[in-house]
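Asks: 3D, please:
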Amino acid sequence: MYTRRHPSLGILALAFCAGASAVSAQAPPSRAQAMKSEEAFKSSVAEVIVPVTITDEKGRFVRDLEAKDFELFDEGKPQTITYFTRERNQPVVIGFLVDLSNTNRLHWDKFKEAIQDLTLATLEPDGKPDSRFSGYMIGYSTEAELMVNTTADPEKILDRIRRIKPGGGAALFDAIYMACASRTLVKGEPIEPRRVIVIVGDGHDNSSKKTLDEVVEIAQRNLVTIYGVSTTAFGFANPGEPILKRLAESTGGRVVYPLENVYSDVSGYLSTPSDEGNFALKVGTGGYAAAIMRGIVSAIAATAGEITTQYILRYTPSNTDVAKTFRRIEVKVKLGNVRVRAREGYYPFAP
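Replies: Just a heads-up that it's a prediction; the model follows:
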């Protein structure tokens, strides 16, 4: 039996939200509407939803498991799984959180294309519009801004992406809080559709009013899964990496690094990005640009694939101890040599 205990610290990454019905884009909410929306997110948890990703030792998705292959524990006590599905393209609401700070200027054009590809891959499954899928976009630099409210029309997000340029600081935590509190909801969230956030950025924050702990908690309270697409270039230190990892791992998501191994398949590869020995991939050349794009395309495909191939488990906790402000979840799979990724826990009551 394979057992994975989820880390005690949370991780922030990208968040997508599943949608059961189409929602038209709307203007950013007023302060009163935002407060009302925030209240709508807050509720006691009667049923817990647990998206689960299973991969083998090579990182490939394991797609053919049944409900009987899973064991689920709440605070160490076995739970009865009341709902199980492995159907692809389950309804989801996807929040695209885009880092528009100065640090993303270098590869912005390529990431802009990547965000467009990710939007089409998740909001239009198999190339056909599907009202089960909705999305929204928040850009963050010195401040966070809801650039496109919840919509089932990918063109609204694509059009906004084409017109923005990076510049300024980074208010990542405020952007995550906004995604959880100040957008139009789709009926049925967070059970169906589920909520996902995808962060396209390097994880650093120097402008937020909210803290990392605050946004980890609000994401967990709202059953949000966060994914991260790191924009850190090869050879550069990234102090924001632990932040991205905490956001992702605490909510059951993960972080991908499209720019990390751009030289890995080059014969005679050297460790310095601009070393003359790597002239084929020297910064500014076509070879380098192609390698960067291949890494981004691969990362986007992996992220979109994970969002649409998760197992969804639901259960009603057998014991809700009011003394427990945060309850830990553990998922076990009766299969060897696999990795299990799921949220680390949930808050049973609104604060």
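
Asks: And the helices in this protein?
Replies: Secondary structure of the chain (DSSP state H): helices located at 31-41, 108-123, 154-163, 172-181, 212-221, 241-251, 286-308.

Asks: Please work out the average pLDDT along the last one.
Replies: In this model, helix 286-308 carries a mean pLDDT of 66.

Asks: Likewise for the fourth one?
Replies: The average pLDDT for helix 172-181 rounds to 96.

Asks: Asp64: neighbour count?
Replies: 8 (other C-beta atoms under 10 Å). Placement of C-beta: from N, CA and C, glycine included.

Asks: That should have said Asp109, apologies.
Replies: Neighbourhood size, Asp109 [other C-beta under 10 Å]: 11.

Asks: circling back to that earlier point, could you export the helices of the chain as JSON lines, including distance to Gly59?
Replies: As requested, the helices of the chain are exported to JSON lines (distance: least, C-beta to C-beta, whole Å):
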{"stretch": "helix 31-41", "distance to Gly59": "33"}
{"stretch": "helix 108-123", "distance to Gly59": "18"}
{"stretch": "helix 154-163", "distance to Gly59": "28"}
{"stretch": "helix 172-181", "distance to Gly59": "26"}
{"stretch": "helix 212-221", "distance to Gly59": "25"}
{"stretch": "helix 241-251", "distance to Gly59": "15"}
{"stretch": "helix 286-308", "distance to Gly59": "8"}
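
Asks: Between those, which one is closest to Ile197.
Replies: Closest approach to Ile197 among those (C-beta to C-beta): helix 172-181, 5.5 Å.

Asks: how much does that closest one deviate in direction from helix 241-251?
Replies: 20 degrees (axes from the mean of the first three to the mean of the last three C-alpha atoms, to 10 degrees).

Asks: C-alpha coordinates for helix 172-181, CSV please?
Replies: Written as CSV, here are the backbone C-alpha positions of helix 172-181 (Å, rounded to 0.1, in the frame of the first residue of the first chain):
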residue,chain,number,x,y,z
LEU,A,172,0.6,38.1,-5.3
PHE,A,173,-1.1,37.6,-1.9
ASP,A,174,-3.7,40.3,-2.6
ALA,A,175,-4.4,38.6,-6.0
ILE,A,176,-5.1,35.3,-4.3
TYR,A,177,-7.3,36.9,-1.7
MET,A,178,-9.2,38.7,-4.5
ALA,A,179,-9.7,35.4,-6.3
CYS,A,180,-11.2,33.9,-3.2
ALA,A,181,-13.4,36.8,-2.2
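
Asks: chain center to that helix, what's the gap?
Replies: How far helix 172-181 lies from its chain's middle: 13 Å, per C-alpha atoms, centre = their mean, to the nearest Å.

Asks: One more: stretch 205-218?
Replies: 16 Å.

Asks: can you give me the mean pLDDT across it?
Replies: For stretch 205-218, the per-residue pLDDT averages 95.

Asks: Pull out the buried residues from it.
Replies: Asp205, Ser207, Ser208, Lys210, Leu212, Val215, Val216, Glu217, Ile218 (16 or more other C-beta atoms under 10 Å).

Asks: farthest-separated two in those?
Replies: Within the buried residues of stretch 205-218, Ser207 and Glu217 form the most distant pair, 20.0 Å apart (C-beta to C-beta).

Asks: and Val50, bridged to which residues?
Replies: Val50 forms beta bridges with Leu313, as assigned by DSSP bridges.

Asks: what about it, distance to Ser208?
Replies: 29 Å (C-beta to C-beta, to the nearest Å).

Asks: Ok, which of the helices of the chain comes nearest Leu146?
Replies: Closest to Leu146 of those is helix 172-181 (C-beta to C-beta; 6.2 Å).

Asks: Give me the angle between that closest one and helix 212-221.
Replies: Per the same axes, to 10 degrees, the angle that helix 172-181 makes with helix 212-221 is 20 degrees.

Asks: Give the other helices and strands that helix 172-181 contacts.
Replies: helix 31-41, strand 92-99, strand 133-140, strand 144-151, strand 194-201, helix 212-221, strand 224-230 (3 or more C-beta pairs under 8 Å, 6 or more residues apart in numbering; DSSP states H and E).

Asks: Can you show me the strands along the stretch 251-351 of the chain?
Replies: Per DSSP state E, counting those that start in this stretch, the stretch 251-351 of the chain carries strands over the ranges 255-256, 311-315, 327-333, 338-341, 345-346.

Asks: Nearest to Thr82, out of these?
Replies: strand 311-315 (5.4 Å).

Asks: which other residues reach the closest one?
Replies: For strand 311-315, contacts defined as C-beta atoms under 8 Å, 6 or more residues apart in numbering pick out 47-54, 65, 67, 70, 72, 74, 79-86, 90, 191, 194, 331.

Asks: Next one: the residue nearest to Ala302 when sequence neighbours are not counted from Ser230, what distance?
Replies: Spatially, and ignoring its direct neighbours in sequence, Ala302 is nearest to Val256 (5.7 Å; C-beta to C-beta, 6 or more residues apart in numbering). Applying C-beta to C-beta, the value for Val256 to Ser230 is 7 Å.

Asks: Ok, Arg183 next?
Replies: 24 Å.

Asks: Neighbour count: the two, which is higher?
Replies: Arg183 (27 against 24).

Asks: Thought Leu146 was touching the more buried one, still the case?
Replies: Yes - Arg183 is within contact range of Leu146, at 6.0 Å (criterion: C-beta atoms under 8 Å).

Asks: what about Gly203, how many neighbours?
Replies: 27.

Asks: is it true that Val229 touches Ala301?
Replies: No - contact criterion C-beta under 8 Å: Val229 and Ala301 do not qualify, at 11.2 Å.
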